[in-house]
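Asker: let's see this in three dimensions:
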Amino acid sequence: MMFALGPALLFCPADRPERFRGALEKADAVILDLEDAVLPDAKAAARGNLIDADLDPDRVIVRVTAPGTQDFVSDLSTLAQTDFRTVMVAKTESAESLTAFDERFSLVALCETARGIHAADRIAAHPQVVAMMWGAEDLVASLGGTSSRTSAGGYRDVARYARSRVLVESGAHGKAAIDAVHLDIEDTAGLQVEAEDAAASGFAATACIHPSQVAVIRAAYAPDAATVDWARAVLAAAESERGVFRFEGRMVDEPVLRHARSVLSSSR
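Answerer: Sure thing, here's the model as predicted:
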């Protein structure tokens with residue numbers, strides 16, 4: 001199983017079916033949300049909307065409620081009546097909690113609590129997990145904190161640690177990593193900085209909550225023309241070289257060539 005969606009994954013509340021198709025047209029994939037975006041008294045209608053949705057299942061992720069809850073049981077029952085097979089599991093806290101899913105499902109483990117971040121290595125090793133995502137606000141709340149960001153707008157150290165741990169554990173187990181949403185919709189500059197850092201660090205995608213954020217994320221993940229030209233040139237030069245070599249004043253070894261290959265892959 002592989003995760004090939006992104007780079008812009010747009011959340012859409014499952015109780016707003018009139019937005020489903022538009023969200024999918026605007027983004028690279030849509031995350032139909034049965035969890036926090038839906039009020040308790042709208043959950044049943046949201047599940048019905050999911051069953052009725054006529055969308056390409058290959059470009060849809062369904063976020064279900066945290067394992068161990070009655071809503072989780074109801075969400076699984078709903079999924080069984082659809083063709084959607086990529087599932088984001090909210091508040092994943094252990095690999096064992098994922099045993100409720102049979103082999104038909106590919107899982108995106110959302111680690112957004114202290115327990116989830118602590119168990120990220122074991123969760124990433126689960127054979128059905130194809131991607132990992134982290135979340136800042138629920139994480140800080142699980143620690144008894146009040147905000148994931150400083151007054152200057154940047155993440156606090158604990159959030160940066162969680163982000164890095166999810167990225168590293170995902171990579172260690174050959175899984176994709178998805179960066180967290182940027183909640184300030186008007187802060188385009190902040191989103192751009194974070195999305196560019198995510199792409200450069202190795203995240204496969206960034207989740208977002210508003211269609212206006214999609215273009216910013218796509219641009220951040222797309223390498224510029226000069227970088228693509230460099231990647232092509234250095235890989236061409238490597239064909240006639242043995243081992244480490246010098247290219248445009250820079251030492252080039254296998255890690256640099258892997259960077260170049262990643263650039264070309266992203267450009268496609």
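
Asker: and stretch 92-106, what's buried?
Answerer: Buried residues in stretch 92-106, defined by neighbour count with 16 or more other Cβ atoms under 10 Å: Thr92, Glu93, Ser94, Ala95, Ser97, Leu98, Phe101, Phe105, Ser106. C-beta: built from backbone N, CA, C; applies to glycine.

Asker: what about those residues, which are in strands?
Answerer: Members of these lying in strands (criterion: DSSP state E): Ser106.

Asker: quick check: the farthest pair among the buried residues of stretch 92-106?
Answerer: Spatial extent of the buried residues of stretch 92-106 (Cβ to Cβ) is set by the pair Glu93 and Ser106 at 19.4 Å.

Asker: please enumerate the helices of the chain.
Answerer: 20-26, 43-52, 70-79, 114-118, 120-124, 136-142, 157-172, 188-201, 212-221, 225-238, 254-267 (DSSP state H).

Asker: and the contacts of the first one?
Answerer: If I follow you right, that is helix 20-26. Contacts to helix 20-26, defined as Cβ atoms under 8 Å, 6 or more residues apart in numbering, come from residues Leu10, Cys12, Val30, Leu32, Asn49, Ala53, Leu55, Asp56, Arg59, Val60, Pro211, Val214.

Asker: now do the third one, the pLDDT please.
Answerer: Among the per-residue scores, Val30 holds a pLDDT of 98.

Asker: number of nearby residues for it?
Answerer: For Val30, the neighbour count with other Cβ atoms under 10 Å is 26.

Asker: so how far is Lys43 from it?
Answerer: 19 Å (Cβ to Cβ, to the nearest Å).

Asker: ok, back up a step: turn the helices of the chain into TSV, columns for distance to Asp179, mean neighbour count and mean pLDDT.
Answerer: Converted to TSV, the helices of the chain look like this (distance: least, Cβ to Cβ, whole Å; neighbours: other Cβ atoms under 10 Å; pLDDT from 0 to 100):
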stretch	distance to Asp179	mean neighbour count	mean pLDDT
helix 20-26	19	17	97
helix 43-52	25	17	98
helix 70-79	24	17	97
helix 114-118	15	19	98
helix 120-124	15	21	98
helix 136-142	10	20	96
helix 157-172	7	19	98
helix 188-201	4	17	96
helix 212-221	9	19	97
helix 225-238	20	15	87
helix 254-267	15	14	84
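
Asker: now these in a markdown table, with distance to Asp36?
Answerer: Listed next are the helices of the chain as a markdown table, based on distance: least, Cβ to Cβ, whole Å:
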| stretch | distance to Asp36 |
| --- | --- |
| helix 20-26 | 17 |
| helix 43-52 | 11 |
| helix 70-79 | 11 |
| helix 114-118 | 15 |
| helix 120-124 | 20 |
| helix 136-142 | 8 |
| helix 157-172 | 18 |
| helix 188-201 | 20 |
| helix 212-221 | 18 |
| helix 225-238 | 37 |
| helix 254-267 | 31 |
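
Asker: one step back: which two from the contacts of helix 20-26 end up farthest apart in space?
Answerer: Asn49 and Val214 (22.0 Å).

Asker: ok, and the closest non-adjacent residue to Met133?
Answerer: Leaving aside its sequence neighbours, Met133 sits nearest to Ile178 (Cβ to Cβ, 6 or more residues apart in numbering; 3.9 Å).

Asker: how close does the one you found get to Ile51?
Answerer: Taken as Cβ to Cβ, the span from Ile178 to Ile51 is 26 Å.

Asker: re earlier: mind checking pLDDT for the residue nearest to Met133?
Answerer: You'll see Ile178 listed with a pLDDT of 98.

Asker: what sits against it?
Answerer: Going by Cβ under 8 Å, 6+ apart, the list of residues near Ile178 reads Gly6, Leu9, Val108, Ala131, Met132, Met133, Trp134, Phe203, Ala204, Ala205, Thr206, Ala207.

Asker: separation between it and Glu239?
Answerer: 34 Å.

Asker: swap in Asn49?
Answerer: Using Cβ to Cβ, we find Asn49 at a distance of 53 Å from Glu239.

Asker: just Ala159 next, same as before
Answerer: Taking Cβ to Cβ, one finds Ala159 at 43 Å from Glu239.

Asker: with that, I have no additional questions.
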